[in-house]
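K.L.:
structure, please.
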Amino acid sequence: MSNFAPSSAEQDLLNSIYPVSRETIEHLTHYVERLNIWQKKTNLVSPSTLETIWSRHIADSLQCLALAPQARQWADFGSGGGLPGMVLSILLADESGSKVHMLESNQKKCAFLRGVGRETNGVAKVHCGRIESETKQLPEIEVITARALTGLDKLFEYALPLIDAGAYGLFHKGREYRRELADCSGLWNFDLVEHPSKIEPDSVLLEIRNLEKIN
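P.N.:
As a prediction, this is how the structure comes out:
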């Protein structure tokens, strides 16, 4: 078994969030291995989190699919090292009609994502460019994800066209999320559901619907 494979406790954690097959674990393990290799030359995740990648990053990403298990068309803003987009791509590989559109402007990170996407037989489509431009080329999206990308105000600017077209957001946010929500007061109207993280204390996934900018 690969040195990068999850421990039994880590597998139990994954399955407590969303059921993961043995084949899917193998593809996720390959992704983790490639990420560790590429990390030596391109900063994909915080180096201090590599030792806990299964619990800190993979399990955290699974929460998106657990909250939207029927969604098949996803857009992941600022995909970086592939979290949560590549994890979603691997989990949705056997679901007919699924696609995870990964938006990333860094060329090296795009090369990593494209390579891993092919190697894991996932449903990722990498769009290498600025989010503002790439969203115009996307098909109808059901769910938008973003993790450690930018503040909510800017994130709302990026997401508005897709939410106007019928999508909704599932945005990972840390303990400062209440301040970010307060900063949007008077600037945006939206429906909000706060989903407490099962991984990180004081963190949430913010479900955003019916987003409207206040003129």
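K.L.:
ok, and what's touching stretch 185-193?
P.N.:
With contacts defined as CB atoms under 8 Å, 6 or more residues apart in numbering, stretch 185-193 is touched by 153, 156, 181, 184, 206-214. C-betas here are computed from N, CA, C, even on glycine.
K.L.:
give me the buried subset of those.
P.N.:
Buried by 16 or more other CB atoms under 10 Å: 156, 181, 184, 206, 207, 208, 211, out of the contacts of stretch 185-193.
K.L.:
ok, now how distant is the second one from residue 156?
P.N.:
Counting by CB to CB, to the nearest Å, the gap between residue 181 and residue 156 amounts to 11 Å.
K.L.:
quickly list what residue 100 is bridged to.
P.N.:
The bridge-partner assignment for residue 100, based on DSSP bridges, gives residue 74, residue 124.
K.L.:
ok, now which ones touch it?
P.N.:
Taking CB under 8 Å, 6+ apart, we find residue 100 in contact with 74, 75, 76, 85, 86, 88, 89, 92, 122, 123, 124, 125.
K.L.:
just name the closest of these to residue 39, please.
P.N.:
Of all the contacts of residue 100, residue 39 sits closest to residue 86, with 13.9 Å by CB to CB.
K.L.:
which pLDDT value goes with that closest one?
P.N.:
Model confidence at residue 86, given as pLDDT, is 98.
K.L.:
so who does it touch?
P.N.:
Residues counted as contacts of residue 86 (CB under 8 Å, 6+ apart) are 31, 79, 100, 102, 113, 116, 117, 120, 122, 124.
K.L.:
recalculate using a threshold of 7 Å.
P.N.:
31, 113, 116, 117, 122, 124 (CB atoms under 7 Å, 6 or more residues apart in numbering).
K.L.:
bridging residues for residue 171?
P.N.:
Counting by DSSP bridges, residue 171 forms beta bridges with residue 146, residue 206.
K.L.:
same question but for residue 191, I mixed them up
P.N.:
Going by DSSP bridges, residue 191 is paired in beta bridges with residue 209.
K.L.:
so what pLDDT did it get?
P.N.:
pLDDT recorded at residue 191 is 98.
K.L.:
work out for me the element residue 189 sits within.
P.N.:
Residue 189 is part of strand 188-196, with elements assigned from DSSP states H and E.
K.L.:
so where is this structure shaky, pLDDT-wise?
P.N.:
For the chain, the stretches with pLDDT under 70 are 1.
K.L.:
tell me the centre residue of it?
P.N.:
Nearest residue to the geometric centre of the chain (CA atoms, centre = their mean): residue 84, 2.5 Å.
K.L.:
so who does the closest residue to that residue other than its chain neighbours touch?
P.N.:
Nearest residue to residue 84, sequence neighbours excluded (CB to CB, 6 or more residues apart in numbering): residue 61, at 3.3 Å. For residue 61, the contacting residues are 83, 84, 87, 88, by CB under 7 Å, 6+ apart.
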